[in-house]
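# 3D, please:
(one chain, ligands or ions: 1)
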Amino acid sequence: FAPWEDPAARPLVSFQGVSKRFGDHQAVRGLSLDIYEREFFALLGPSGCGKTTLMRMLAGFEAPDEGQILLEGRDIARLPPHARPVHMMFQSYALFPHLSVAQNIAFGLKQQRLPKAEIAARVEEMLALVRLEGLQRRKPHELSGGQRQRVALARAIAPRPRILLLDEPLAALDRRLREETQFELMNLQHELGVTFMIVTHDQEEAMVVADRLAVMREGEVVQVGRPAQVYEAPADRYVAGFLGDVNLFEGRMEAQGAEGLRFASAEVPGGLLAAEGPQLAPGASAWLAVRPEKMGLHQEPPPEGANRMAGEVHDIGYLGDWTTYVVELSSGRRVKVARANASRQVERPVSWGDKVWLSFAPDSAVVLVR
Ligand code: ATP
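Coordinates of the predicted model:
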């Protein structure tokens, strides 16, 4: 059991009904969230949804207007930032330009008034950990962006916080370095056994690094779970669309048989779509959500009764490993399809304007009611 999957485990940090208002803007609204020891937790959401504010309250730079933040069950409201076992690494890194790499890393340790020899040993250890050996005398302006990022990381973890808060830590890096650094962060977190909480608005990044993630909207948490859980079973249309691409087909709930099996159905050109859904009254609005990679693309019509639809190829995007297609139905509705090129699902090459069929297995659709 990982602590976050153990129902008996006590959270390391617990936000309980936390609210924060700036003037007449409610940045965080009665938010509750638990984060566990050794967890890599990602806060995901669009710009302005309150991610940074939540972190700043945990770090002690802002005070909640309502609610409590508990650390191992203890309210930390009265603890000033430096007395909290929490460190925050800022997006801008905020390195001291006049200090060397080693002095930057030693900064928090000096504040903790550790003995000189211990500081020197810890700095050595950190330099090795983030692979910056030999660069200790350089100044920040003599480093690459990736190296600066690692100095900031070393400085943040040197005082051995219980929780490291990372606000968009990789935003300044180019794509390649960013992907590399994601894996480095995960390794580092694993080695240190420290809880990491990362803020990002990049859904792929959150899914790669996080043990669990929270999707936020307008100051509230909409859903929390493992990346695959949230991706496969989104709570609503907002989450489904925020975490990857999704096709939503609007329909309604239906009932069948004496036991009242509930399913959702939606009419589309060429067929009728159906998938099993929750126990809701027949007639209620429902959406069938189908990920592009769960959508089959055919040149011959699938059997009637399958979840099928007819359309015309509107766009093709070749990505090497994947090809994406946009298929337009006769209603004008566009459907996204993604095929792994290794799967060779399509018999003949498909081109723009081709008449094609789409289908999906009933258990590939998630029925959403919000
Ligand atoms: P981003 O991804 O852009 O960093 P975010 O989700 O981290 O966004 P926050 O920085 O938490 O969002 O801000 C939430 C809301 O609160 C925003 O509308 C922001 O303008 C507002 N806000 C944040 N800090 C302050 C402040 N000190 N004074 C006034 N408004 C603020």
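
# got the residues of the stretch 151-300 of the chain near the ligand?
Contact residues (Cβ under 6 Å from any ligand atom) of the stretch 151-300 of the chain with the ligand: H201. For every residue, glycine as well, the C-beta is placed using N, CA and C.

# which residues of the stretch 151-300 of the chain fall in helices?
Using DSSP state H, counting those that start in this stretch, the helices of the stretch 151-300 of the chain run over 175-192, 203-209, 227-232, 237-242.

# Now mean neighbour count and mean pLDDT too, for those helices, in JSON lines please.
Shown next, in JSON lines, are the helices of the stretch 151-300 of the chain (neighbours: other Cβ atoms under 10 Å; pLDDT from 0 to 100):
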{"stretch": "helix 175-192", "mean neighbour count": "15", "mean pLDDT": "86"}
{"stretch": "helix 203-209", "mean neighbour count": "19", "mean pLDDT": "90"}
{"stretch": "helix 227-232", "mean neighbour count": "16", "mean pLDDT": "94"}
{"stretch": "helix 237-242", "mean neighbour count": "19", "mean pLDDT": "94"}
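
# Distance to A120 added to those helices, as TSV?
Shown next, in TSV, are the helices of the stretch 151-300 of the chain (distance: least, Cβ to Cβ, whole Å):
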stretch	distance to A120
helix 175-192	20
helix 203-209	31
helix 227-232	40
helix 237-242	46
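
# mind checking which of the ones you listed is nearest P362?
helix 227-232 (15.0 Å; Cβ to Cβ).

# tell me what the closest one is packed against?
helix 203-209, strand 212-217 (3 or more Cβ pairs under 8 Å, 6 or more residues apart in numbering; DSSP states H and E).

# Nearest to A281, out of those?
strand 212-217 (26.5 Å).

# Show me what the closest one pairs with in its sheet, parallel or antiparallel.
The strands beside strand 212-217 in its sheet (DSSP bridges) come out as strand 40-44 (parallel), strand 220-225 (antiparallel).

# For G60, find the nearest of the helices and strands packed on helix 227-232.
Judged by Cβ to Cβ, the one of these that comes nearest to G60 is strand 212-217, at 20.4 Å.

# Number of residues surrounding the closest residue to the ligand within the stretch 101-250 of the chain?
Residue nearest to the ligand within the stretch 101-250 of the chain: H201 (5.0 Å; Cβ to the nearest ligand atom). Neighbour count for H201, taken as other Cβ atoms under 10 Å: 18.

# Just want the phi and psi numbers for it.
Backbone dihedrals for H201, given as degrees, to the nearest 10, come out at phi -110, psi 10.

# Quick check: can you list the domain ranges of the chain?
Split into domains by automatic domain parsing, the chain comes to 38-62+78-234, 245-368.

# what's the closest of those to V28?
Nearest to V28, of all the domains of the chain, is domain 38-62+78-234, at 4.6 Å by Cβ to Cβ.

# which sections of the chain are below the confidence cut-off?
91-92, 257-258, 343-348 (pLDDT under 70).

# Quick check, A106 in contact with V123.
Yes: shown here, A106 and V123 form a contact pair, counting by Cβ atoms under 8 Å, at 5.3 Å.

# Now the common contact residues for the two.
Common neighbours of A106 and V123 (criterion: Cβ atoms under 8 Å, 6 or more residues apart in numbering): A158.

# could you dump the strands paired with strand 212-217 to JSON lines with distance to V337 and mean neighbour count?
Formatted as JSON lines, those follow (distance: least, Cβ to Cβ, whole Å; neighbours: other Cβ atoms under 10 Å):
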{"stretch": "strand 40-44", "distance to V337": "25", "mean neighbour count": "25"}
{"stretch": "strand 220-225", "distance to V337": "26", "mean neighbour count": "19"}
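
# quick one: which of these is nearest N307?
The closest of these to N307 is strand 220-225. By Cβ to Cβ, the value is 25.5 Å.

# thinking again about what came up before, so which of the helices and strands packed on helix 227-232 gets nearest S144?
Across the helices and strands packed on helix 227-232, closest to S144 is helix 203-209 (Cβ to Cβ), at 20.2 Å.

# Output the closest one as CSV, restricted to C-alpha atoms.
C-alpha atoms of helix 203-209 as CSV (Å, rounded to 0.1, in the frame of the first residue of the first chain):
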residue,chain,number,x,y,z
GLN,A,203,-1.8,18.1,-18.2
GLU,A,204,0.8,15.8,-19.7
GLU,A,205,3.4,16.9,-17.2
ALA,A,206,1.1,16.3,-14.3
MET,A,207,0.2,12.8,-15.6
VAL,A,208,3.9,11.9,-16.1
VAL,A,209,5.2,12.9,-12.7
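
# same for it, what does it pack against?
Packing partners of helix 203-209 (3+ Cβ pairs under 8 Å, 6+ apart): strand 40-44, helix 175-192, strand 195-200, helix 227-232.

# Go again with 7 Å.
strand 40-44, helix 175-192 (3 or more Cβ pairs under 7 Å, 6 or more residues apart in numbering; DSSP states H and E).

# The ones you listed into TSV, with extra columns for distance to A342?
Shown next, in TSV, are these (distance: least, Cβ to Cβ, whole Å):
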stretch	distance to A342
strand 40-44	29
helix 175-192	20
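
# Compare these and give me the one nearest R138.
Among the helices and strands packed on helix 203-209, helix 175-192 sits nearest to R138 (Cβ to Cβ), with 18.3 Å.

# Could you name the helices and strands sitting against that closest one?
Using 3+ Cβ pairs under 7 Å, 6+ apart, the elements in contact with helix 175-192 are helix 145-157, helix 203-209.

# one more time with 8 Å
helix 145-157, strand 195-200, helix 203-209.

# do you know how far whichever residue of the stretch 251-370 of the chain sits closest to the ligand is from P292?
When scored by Cβ to the nearest ligand atom, the stretch 251-370 of the chain has R370 as its residue closest to the ligand, at 21.7 Å. Going from R370 to P292 by Cβ to Cβ, to the nearest Å gives 21 Å.

# Cool, thanks, talk later.
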